[in-house]
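S.K.: sequence and computational prediction follow.
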Amino acid sequence: MNVSTDQLAPTLAQRLSMVERMLLIRRVEERLGADFKAGKLIAGVHLYSGQEAVGVGVCEHLDDNDWIASNHRGHGHFLAKGGEVRAMMAEIHAKATGVCKGMGGTMHVADLGKGILGANGIVGGGISLICGAAYSQMLQGQGQVAVAFFGDGASTQGVMSEALNLSALWKLPMIFVCENNLFSEFSRSDTVVAGRIMDRALAYGVPAVQIDGNDIDAVWRAAGQAVRRARTGEGPSFIEAFTYRMAGHVEAETGFLQGAQYRSSEEVQAWAARDPIERACARLLQMPLVTQAQLSEIEARVAAQVEDAVQFAHNSPLPPPEQALQFMFA
Ligand SMILES: Cc1ncc(C[n+]2csc(CCOP(=O)(O)OP(=O)(O)O)c2C)c(N)n1
């Protein structure tokens, strides 16, 4: 990952690395979706498929000393920030080798050593965590930043206004990344969210942009500017990235929706045609020196990594029962 934000466009090496990370997220999520349907997971998972360019394009500008916090759709953010795929997979399988010793599961993948405060089941919860993290970054004065990833649904929570207020007032090195995937669970955003989400930020004097969140270049550019502002003490920024979740809200949804439709297959297909990974690969293939064989190599490497992580999770032991009483505050 690269911490420089002065470039106009990603280098070829950065593009290849971002494509590999996006593919890793996609293939991990596909495997988790399939394994859930086959009854191999202990809990429903909220997949990030379709939104990979947002997490990866932002995290490309961060290093381990920068914080991120995520939401219930957190696997992608974890991997985008450099979290270890084996440790995440084992965590999702509730194994002792998991990144949280198997006690957090899908909704709490966190790795403090990598600056990952974790996925979070409380919608909007990550925004307040990151506001605090940004305050601590400011006090330390080392130029580090803190990024909150959240959805359009979370933007309607009161905590977002509180965080916008404090971050603007105290010029915190905080970046709000709203992944507007057009839905909150099974409700269309335009039936539950009033007005433009980015306008909430502008009302507090926080610079805000709307971008195509399925375009890795657009995300990378907007994030670069926001990170530069935060690192140089200019305060918070807000990015509203339009994207689409290609999977359901949660893999268990068909069970409780009993087949009820809340979006059309035409809409899903239209967004599939704007797939962020395919677009990034197509752009790469237009560049001199990049070949399909190179991309196939990346695919193969990712496939092997996912299989290795799944086997690692399967072969790992469950946590010992006495662990249930450890790592408690009281
Ligand atoms: C405080 C709180 N309210 C409600 C819920 C139930 N809930 C879980 S996900 C979700 C929708 C969130 O939508 P959005 O923030 O747009 O994220 P997306 O699922 O679209 O990625 C809701 C309402 C919750 N987990 N926490």
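M.R.: That came in fine, so what should we check first?
S.K.: show me the contacts for Pro319.
M.R.: For Pro319, the contact set (Cβ atoms under 8 Å, 6 or more residues apart in numbering) comprises 94-96, 101-103. No exception for glycine: its C-beta is placed from N, CA and C like everyone else's.
S.K.: try 7 Å
M.R.: By Cβ atoms under 7 Å, 6 or more residues apart in numbering, the contact list for Pro319 reads 96, 101-103.
S.K.: spell out which helix or strand contains it, please.
M.R.: For Pro319, there is no enclosing helix or strand under DSSP states H and E.
S.K.: on that earlier part again, from the contacts of Pro319, which is closest to the ligand?
M.R.: Met103 (19.2 Å; Cβ to the nearest ligand atom).
S.K.: who's the nearest residue to Ala226 once chain neighbours are set aside bridged to?
M.R.: Once flanking residues are discounted, Ala226 sits nearest to Ser237: 3.6 Å by Cβ to Cβ, 6 or more residues apart in numbering. Assessed by DSSP bridges, Ser237 has beta-bridge partners Ile175.
S.K.: you'd agree Gly151 is up against Asn71?
M.R.: Yes. Applying Cβ atoms under 7 Å, one finds Gly151 in contact with Asn71, separated by 6.1 Å.
S.K.: and the worst-scoring helix or strand of the chain on mean pLDDT, C-alpha only, in PDB?
M.R.: In the chain, the helix or strand scored least confidently by mean pLDDT, DSSP states H and E is helix 253-257, which has a mean of 86. C-alpha atoms of helix 253-257 as PDB (Å, rounded to 0.1, in the frame of the first residue of the first chain):
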ATOM      1  CA  GLU A 253     -32.400 -13.400   3.400                       C
ATOM      2  CA  THR A 254     -34.200 -15.800   1.100                       C
ATOM      3  CA  GLY A 255     -35.200 -17.800   4.100                       C
ATOM      4  CA  PHE A 256     -37.100 -15.000   5.800                       C
ATOM      5  CA  LEU A 257     -38.200 -13.000   2.800                       C
END
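S.K.: now whichever helix or strand comes after that helix: buried residues?
M.R.: Scanning forward in sequence from helix 253-257 by DSSP H and E, the next helix or strand is helix 265-272. By neighbour count on 16 or more other Cβ atoms under 10 Å, the buried set for helix 265-272 is Trp271.
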